[in-house]
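# model the following, please.
(one chain, ligands or ions: 1)
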Amino acid sequence: MKVAVLKESRPGENRVALVPQGVQALAKAGLEVMVESGAGVSAGVSDQDFRSAGAAVGTDGEALSGAGMVLAINPPSKEDVGRIPEGAIVVSFLNPLANTELVRALATRKVTAISMELVPRITRAQSMDALSSQATVAGYKAVLMAADHLPKFLPMFTTAAGTIRPGKALILGAGVAGLQAIATARRLGAIVEAFDVRPAVREQVQSLGAKFLETEHEVTAEGEGGYAKELSEEQHERELELIAAHIADADIVVTTAQIPGRKAPILITADMVRSMKPGSVIIDLAGETGGNCELTRPGETTVVHGVQILAPANLPAEIPVHASQMYSKNLVTLIGEFVDKEGNVALDFDNDVIGPSTVTHQGQVVNERVKQALGL
Ligand SMILES: NC(=O)c1ccc[n+]([C@@H]2O[C@H](COP(=O)([O-])OP(=O)(O)OC[C@H]3O[C@@H](n4cnc5c(N)ncnc54)[C@H](O)[C@@H]3O)[C@@H](O)[C@H]2O)c1
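Residues are numbered from 1 along each chain as shown. Sure thing, here's the model as predicted:
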């Protein structure tokens, strides 16, 4: 089967879905990869690197022509969907619960669409979990960005010119991105405090050398599958009091709090921003679902009372080499769920990874969650 890898067209996107190691892995399973010329350049992979790994290189039209599988990172554009051969398998982030127009177009095109967002968060699927791999990149980069904007050092220094006290970081939401932000801030020598509504993460936060903030009355909201759910109004008030009591001391704040399928909870109010020291930096990673700070403007930098609030849109694209390498590994492992060692494709919808992550097949929307979102 021919596998097409196109150049990502989203502005600012530097990643590529498959790297040369991925090409080699798919070739072992009898798959032939064709990459659109220039697809890997921003991720440090030349056309020649792809050829050396065994891939063919062509125009986008050549890559798509006769392809049985299409691999991507960002949801395909309307034009791309129209050019994907009928019956092909598409594996990509698709944002299917919100992007209903795309889901309908994929179904009409009769492609089998597998959504990387819907890969279940089960232990067996960890190596296919691109939400996690890319959240790791985002959590790391968020702290570097904060440190870069901060007019201070983060680590402690003892120098002939005096002693510099270490900076303080506050991390809100300790999922995959939050834990990586904690680890990165610790590596840079900051004193780190963190909070999450899932008490299960307390130990993980502490094992990274950060302090888990405690409330007098418990604030917890653990929902299905270990995910957070929305807090009651009373619990939300308690959480805001807790954050207000700590944020004025923080030099950098990274927020990552999200609830699947919901608007991100507001954890930082305008008053809290006012209480912070000028020069402090907030990096809001929940910008795409509305933001965790009341003053966040998704995709923009806002300065209020000297506090810088950044809500970058696509941080994994800022570390394209490793973000692509990790995504490619996720894809190859996932493809191993439906392609055997001889290259035979067998989609088994009873498979506990393929079933829940398939959105469309043979002209139908087949995923229950997506059907609900579309009102089908
Ligand atoms: N394969 C696996 O086993 C696997 C892999 C990755 C994640 N997971 C699980 O998925 C879940 C979410 O992980 P994620 O990193 O994608 O999270 P996410 O990006 O969906 O959310 C980030 C964090 O925000 C927290 N949060 C939500 N509301 C909050 C609030 N009001 N205040 C503070 N924090 C709040 C959540 O608890 C979560 O930890 C976790 O249970 C995690 O263990 C499992």
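# the closest residue to the ligand within the stretch 1-150 of the chain: neighbouring residues, count only.
Minimum separation of the stretch 1-150 of the chain from the ligand (Cβ to the nearest ligand atom) falls at residue 121, amounting to 3.6 Å. C-betas here are computed from N, CA, C, even on glycine. By other Cβ atoms under 10 Å, 14 other residues sit near residue 121.
# same check on the one 10 residues further on?
Residues lying near residue 131 (other Cβ under 10 Å) number 17.
# skipping adjacent residues, who's closest to it in space?
residue 117 (6.3 Å; Cβ to Cβ, 6 or more residues apart in numbering).
# Provide a list of residues in contact with that neighbour.
Counting by Cβ atoms under 8 Å, 6 or more residues apart in numbering, residue 117 touches 93, 94, 95, 96, 97, 131.
# what parts of the stretch 51-200 of the chain come near the ligand?
Within the stretch 51-200 of the chain, the positions near the ligand by Cβ under 6 Å from any ligand atom are 121-123, 125-126, 129, 131-132, 135, 172-178, 195-198.
# contacting residues around residue 242?
Here residue 242 is in contact with 195, 213, 215, 219 (criterion: Cβ under 8 Å, 6+ apart).
# from residue 241, how far out is the first one?
In this structure, residue 195 and residue 241 are 12 Å apart, going by Cβ to Cβ, to the nearest Å.
# residues touching residue 62, list them.
Here residue 62 is in contact with residue 34 (Cβ under 8 Å, 6+ apart).
# name the element it belongs to?
Residue 62 belongs to helix 60-64 when assigned by DSSP states H and E.
# could you check that helix and say which residues are buried?
60, 63, 64 (16 or more other Cβ atoms under 10 Å).
# grab the nearest non-local neighbour of residue 367.
Closest to residue 367 by Cβ to Cβ, 6+ apart is residue 359, at 4.9 Å.
# in the longest helix anywhere in the chain, what counts as buried?
Longest helix of the chain, by residue count under DSSP state H: helix 130-149. Under the neighbour-count criterion of 16+ other Cβ under 10 Å, helix 130-149 has 130-147, 149 buried.
# mind listing the helices for this structure?
For the chain, the helices defined by DSSP H cover 20-28, 47-52, 60-64, 78-83, 100-108, 130-149, 176-187, 202-207, 233-247, 270-275, 320-335, 354-357, 368-374.
# give me the distance from the shortest one to the chain's centre.
Right, helix 354-357. 19 Å (Cα atoms, centre = their mean, to the nearest Å).
# enumerate every residue touching the residue nearest to residue 367.
94, 96, 103, 106, 113, 114, 115, 118, 365, 366, 367, 370.
# re earlier: out of the helices of the chain, deepest packed?
Ranked by mean neighbour count, the helices of the chain are led by helix 176-187 with a mean of 25 (mean count of other Cβ atoms under 10 Å).
# can I get that helix in PDB, CA atoms only?
Extracted in PDB, the C-alpha atoms of helix 176-187 (Å, rounded to 0.1, in the frame of the first residue of the first chain):
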ATOM      1  CA  VAL A 176       1.100  15.600  31.000                       C
ATOM      2  CA  ALA A 177       1.900  19.200  30.000                       C
ATOM      3  CA  GLY A 178       1.800  20.500  33.600                       C
ATOM      4  CA  LEU A 179       4.100  17.700  34.900                       C
ATOM      5  CA  GLN A 180       6.600  18.500  32.200                       C
ATOM      6  CA  ALA A 181       6.400  22.200  33.000                       C
ATOM      7  CA  ILE A 182       7.100  21.400  36.700                       C
ATOM      8  CA  ALA A 183      10.100  19.200  35.700                       C
ATOM      9  CA  THR A 184      11.500  21.900  33.400                       C
ATOM     10  CA  ALA A 185      11.100  24.700  35.900                       C
ATOM     11  CA  ARG A 186      12.800  22.500  38.500                       C
ATOM     12  CA  ARG A 187      15.700  21.800  36.100                       C
END
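# all set, thanks.
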